[in-house]
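Undergrad: build me a structure from this.
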Amino acid sequence: GLGLNAGMGAQASVRRCADQGFTLLELTVVVAIAAATTIVAIPTLLTYWDSWSLQASAREFVSTMNLGRQLAIATRSPVCVDVTGASLRLLLGGCGGNAWTGPLTDAAGSIRISDPATLTVSSNARAVFTTLGAASPGATYTLRHVRTHASRTVVVAGSGRISVQ
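TA: Okay, here's the model as predicted:
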């Protein structure tokens, strides 16, 4: 008999608590814990976001460079990769040629990789892809995040292979 009555008392206590809701103190404690957790997590999330956006920009840059390489092979004409700010143009016929326009470009033939306010691109040379897909000369491009100064390097080898390092 005792165990049965004790169990019923606990159920009544739970029902009373559920009917009354939470106290202001309990809600304040929960909100304070959530706020503290958020404040601790925000710098980590921002660092992750910046790193991810730089890596995504580098991969997008590589894809666009590969488009230039494929364009050189398909058109049987050299293609020069002209980088300005955070965008590039693919020049048909070499570095003195006309800008290629297509579905990825604006009217001037520019392909925007990222927002210039967040990314800068520098290079030691202008890569020119030959009709066989090789690069002459090979080139190294450095993509740098403006705020964090973190960077990724994109290397165009003489064979035409393009990689992120």
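
Undergrad: so, low pLDDT: which residues of the protein?
TA: Residue ranges of the chain with pLDDT under 70: 1-19.

Undergrad: which other helices and strands contact the longest helix seen in the chain?
TA: Using DSSP state H to define each element, the chain has its longest helix at helix 24-75. Packed against helix 24-75 by the contact rule (3 or more CB pairs under 8 Å, 6 or more residues apart in numbering; DSSP states H and E) you find strand 79-84, strand 87-92, strand 119-123, strand 128-129, strand 139-145, strand 151-156, strand 162-164. Where C-beta positions appear, they are placed from N, C-alpha and C, glycine not excepted.

Undergrad: try it again at 10 Å.
TA: strand 79-84, strand 87-92, strand 110-112, strand 119-123, strand 128-129, strand 139-145, strand 151-156, strand 162-164 (3 or more CB pairs under 10 Å, 6 or more residues apart in numbering; DSSP states H and E).

Undergrad: could those strands be laid out in a markdown table, adding distance to Pro43 and mean neighbour count?
TA: Listed next are the helices and strands packed on helix 24-75 as a markdown table, based on distance: least, CB to CB, whole Å; neighbours: other CB atoms under 10 Å:
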| stretch | distance to Pro43 | mean neighbour count |
| --- | --- | --- |
| strand 79-84 | 32 | 20 |
| strand 87-92 | 31 | 22 |
| strand 110-112 | 29 | 18 |
| strand 119-123 | 21 | 17 |
| strand 128-129 | 42 | 23 |
| strand 139-145 | 16 | 19 |
| strand 151-156 | 20 | 18 |
| strand 162-164 | 26 | 16 |
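
Undergrad: for these, which one sits closest to Trp49?
TA: Closest approach to Trp49 among these is made by strand 139-145 (10.6 Å; CB to CB).

Undergrad: show me what the closest one is packed up against.
TA: Counting contacts by 3+ CB pairs under 10 Å, 6+ apart, strand 139-145 packs against helix 24-75, strand 79-84, strand 119-123, strand 151-156, strand 162-164.
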